[in-house]
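Peer 1: Got a sequence here, can you model it:
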Amino acid sequence: MTALRSYVLAFKNKAHEKKILHSGTGTSKLPFLLREEGYKSQVGIDFSKTCIDSLQETLRESKVKDGMEFHKMDVKEMEFKESTFDVIIDKGTCDCVMLTQNKDEAAVCYLEECRRVLKPGGQIAIFSLYGPKERSVLVSCEKHKRLHGLSCAHFKMPEALECPGEGASHMYLITKKA
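Peer 2: As a prediction, this is how the structure comes out:
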């Protein structure tokens, strides 16, 4: 988790007032680690009730809990108003979304929904085990007419997100035009 945490902290430049969405949060402890760093407004969503129940239990037991919420929700049909979040953190959710037969269409639907809930100038940090060849729809999102207003930068990270020693992973930093 250390590599992921340091990348997330670096790309946000410690802007503690930002509203963060953890997309497909699972049972990640990252929201709690970021809360300890001072990031006060965070929302985690996942389609698994079991994961959300587990996070809500952790939240009840946590000493710092204000400004944190967890909800059962589909990442392709979020129940948030437009332009709600400054930052969306995706640790493998896009990889899961793309496990369908029409992976590029699934990714476009997901990114459209992320763009909708992202504020102008906001960023989506997608952490993936796959490089640009396998995730070409992310790298070329600005060319896709359904994804207008988004641009992507790709960064190869020296180690896998939560599995040190397992090889490189990738971060796609997608920015919504201001």
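
Peer 1: so where do the strands sit in the chain?
Peer 2: Secondary structure of the chain by DSSP state E: the strands cover 19-23, 41-46, 68-72, 85-91, 118-128, 150-157, 169-176.

Peer 1: just so I know, which of the ones you listed lies nearest residue 62?
Peer 2: strand 68-72 (7.9 Å; C-beta to C-beta). (Each C-beta comes from the backbone N, C-alpha and C, glycine too.)

Peer 1: how much space between residue 84 and residue 115?
Peer 2: Per C-beta to C-beta, to the nearest Å, residue 84 is found 12 Å from residue 115.

Peer 1: Equivalent analysis for residue 96, please.
Peer 2: 19 Å.

Peer 1: How about residue 140?
Peer 2: 15 Å.

Peer 1: Could you check which of the two is surrounded by more residues?
Peer 2: Counted by other C-beta atoms under 10 Å, residue 140 and residue 115 do not tie: residue 115 has more neighbours, with 22 against 12.

Peer 1: That one contacts residue 175, doesn't it?
Peer 2: No - under the criterion of C-beta atoms under 8 Å, residue 115 makes no contact with residue 175, lying 10.4 Å away.

Peer 1: can you list residues touching both of these two?
Peer 2: residue 150 (C-beta atoms under 8 Å, 6 or more residues apart in numbering).

Peer 1: Any stretches of the protein with poor pLDDT?
Peer 2: Within the chain, the segments meeting pLDDT under 70 span 1-16, 159-168.

Peer 1: if we go to 90?
Peer 2: The chain contains residues with pLDDT under 90 at 1-18, 30, 33-40, 62-67, 100-101, 127, 129, 142-145, 155-171, 178.

Peer 1: Can you list the helices and strands that the lengthiest helix in the chain packs against?
Peer 2: Criterion DSSP state H: the longest helix present in the chain is helix 103-117. Secondary-structure packing of helix 103-117 (3 or more C-beta pairs under 8 Å, 6 or more residues apart in numbering; DSSP states H and E): strand 85-91, helix 93-97, helix 136-139, strand 169-176.

Peer 1: just the ones you listed: most buried one?
Peer 2: For these, the largest average neighbour count (mean count of other C-beta atoms under 10 Å) is found in strand 85-91, namely a mean of 24.

Peer 1: what's the distance between residue 112 and residue 149?
Peer 2: From residue 112 to residue 149 the distance is 11 Å (C-beta to C-beta).

Peer 1: and what of residue 110?
Peer 2: For residue 110, the distance to residue 149 (C-beta to C-beta) stands at 16 Å.

Peer 1: okay, those two: which has more neighbours?
Peer 2: Counted by other C-beta under 10 Å, residue 110 and residue 149 do not tie: residue 110 has more neighbours, with 24 against 13.
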